[in-house]
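>>> sharing a model that was predicted from the sequence below.
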Amino acid sequence: MSDELPGFTFLTAGKVRDLYAPEGHDDLLLLVANDRVSAFDQVLSRPIPGRAALLTRLTRWWFAQLADVPNHLADADVAVPEAVADRAMLVRRLRMHPVECVVRGYVTGSGYAEYRRTGSISGLPLPEGLQDGDRLPEPIFTPAYKAELGAHDENIPFETVVDLVGAETAEALRSTSLRIFAEASAIADAKGVILADTKFEFGDDAEGGLVLADEVLTPDSSRFWDAAAYASGRRGVGFDKQIVRDWLAAHWDGEGAAPDLPDEVVQRTADRYRELVELLTA
Ligand SMILES: N#Cc1c(N)ncnc1-c1cnn(Cc2cccc(F)c2)c1
């Protein structure tokens with residue numbers, strides 16, 4: 001639904017979300033999630049029913065858990081169309097910082113690839129001999145520069161963040177990201193879920209205050225692993241896209257458009273999203 005929302009002007013589309021401006025409210029935005037899912041850098045053809053509503057519910061829940069962190073949710077008298085209400089967030093329009101504030105408690109994915117090449121991530125040297133999925137001695141802030149849609153974010157050293165946003169804001173981005181990660185990973189851990197890594201985005205409000213934006217601590221911005229599986233040696237058992245990834249790995253050579261997911265994979269994936277959200281928010 002890229003342009004049919006009465007009372008709202010379509011602004012742009014991400015992989016799995018659309019951004020609108022409420023007419024007559026220049027200080028607000030509407031983020032509308034959809035049920036599409038991306039894997040291996042492709043948006044898959046078959047939506048996962050209920051995914052958008054579940055992840056919107058999860059983001060709202062995390063914002064409430066992180067009550068000490070100012071966030072961009074808006075409490076405004078703007079009617080959100082019923083058709084998207086359960087998968088939309090009305091938010092304050094911020095001056096966004098062009099930094100993906102990534103925090104890693106474990107080394108995997110692109111971070112592990114960079115580590116293997118350089119012994120570091122975002123300029124932070126790491127101990128030798130780490131294996132994919134290892135827990136880091138302590139969570140690290142590994143920022144990235146926000147790439148254009150479809151391109152990969154580029155990991156940058158903290159010094160580059162300082163050049164981009166100034167020393168005071170850079171330090172606030174780092175300290176706030178690490179603090180939220182510590183709080184969120186403790187909450188997840190208590191429910192048998194490992195928060196391996198996550199990505200936050202921040203902006204400044206009209207008063208110049210730092211505000212947590214975008215979606216937070218969902219499977220779209222984070223890696224959530226089954227703690228019991230990890231403890232038994234099955235590393236990186238994701239809660240969301242593992243089913244999709246495993247099926248694609250077995251049925252696609254990675255060339256051209258990914259094949260349609262079968263009904264059974266779609267249903268099991270939908271169930272898995274629900275399982276994660278209900279586990280975390282219980
Ligand atoms: N969140 C937030 C936000 C804010 N509170 N103030 C100003 N700008 C943004 C903002 C701009 N781009 N995006 C990402 C994005 C892209 C495409 C679709 C989406 F739903 C979302 C977020």
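Thanks, I have it.

>>> go through the lengthiest helix in the chain and flag the buried ones.
Counting by DSSP state H, the longest helix found in the chain is helix 167-189. Buried residues in helix 167-189, counting neighbours by 16 or more other C-beta atoms under 10 Å, are found at 169-170, 172-174, 176-178, 180-181, 183-185, 187-188. (C-beta placed from N, C-alpha, C; glycine too.)

>>> tell me how far it lies from the chain's centre.
Chain-centre distance of helix 167-189: 14 Å, with C-alpha atoms, centre = their mean, to the nearest Å.

>>> my understanding was that P98 contacts T160; is that so?
No: P98 is beyond contact range of T160, at 10.7 Å (criterion: C-beta atoms under 8 Å).

>>> list residues touching both of those two?
Common neighbours of P98 and T160 are listed as Y145 (criterion: C-beta atoms under 8 Å, 6 or more residues apart in numbering).

>>> tell me the residues on this protein that lie near the ligand, please.
Proximity of the chain to the ligand, by C-beta under 6 Å from any ligand atom, involves residues 12, 14, 17-19, 29, 31, 72, 91-94, 96, 203, 213-214.

>>> so which of P98 and T160 has more stuff around it?
Set P98 next to T160 and count neighbours by other C-beta atoms under 10 Å: T160 wins out with 18 against 10.

>>> tell me the contacts of the more buried one?
P143, Y145.

>>> host element of it?
Using DSSP states H and E, T160 sits within helix 158-165.

>>> buried residues in that helix?
F158, T160, V161, L164, V165.

>>> going by neighbour count, which residues in stretch 11-31 are buried?
Within stretch 11-31, the residues scored as buried using 16+ other C-beta under 10 Å are 14, 16-22, 25, 28-31.

>>> again, but for stretch 97-108
By 16+ other C-beta under 10 Å, the buried positions in stretch 97-108 come out as H97, V99, E100, C101, V102, V103, R104, G105, Y106, V107, T108.

>>> from the residues you listed, which is closest to D153?
E100 (5.1 Å; C-beta to C-beta).

>>> how would you label that closest one: helix, strand or coil?
The three-state label given to E100 by DSSP: H, G, I helix; E, B strand; the rest coil is strand.

>>> residues touching the closest residue to it other than its chain neighbours, list them.
In this structure, E100 finds its nearest non-sequential neighbour in A144, 4.1 Å apart by C-beta to C-beta, 6 or more residues apart in numbering. Residues counted as contacts of A144 (C-beta under 8 Å, 6+ apart) are V99, E100, V102, S122, D153, E154, N155, I156, K199.

>>> wait, the third one touches D197, no?
Yes: assessed by C-beta under 8 Å, V102 is found in contact with D197 at 6.5 Å.

>>> overlap in contacts, those two.
G111.

>>> just the element for Q267, please.
Q267 belongs to helix 263-281 when assigned by DSSP H and E.

>>> distance of the residue nearest to the spatial centre of the chain from D35?
For the chain, S221 is the residue whose C-alpha lies nearest the centre (C-alpha atoms, centre = their mean; 1.3 Å). Here the criterion is C-beta to C-beta, to the nearest Å. By it, S221 lies 17 Å from D35.

>>> now do the contacts for S222.
By C-beta under 8 Å, 6+ apart, the neighbours of S222 are L195, A196, D197, T198, K199.

>>> run a quick neighbour tally on the last one.
Applying the criterion other C-beta under 10 Å, we find 23 residues in the vicinity of K199.

>>> give me the sheet partners of the helix or strand containing it and which way each runs.
For K199, the enclosing helix or strand under DSSP H and E is strand 193-204. Looking at strand 193-204 with DSSP bridges, its partner strands are strand 95-96 (antiparallel), strand 99-106 (antiparallel), strand 210-213 (antiparallel), strand 222-226 (antiparallel).
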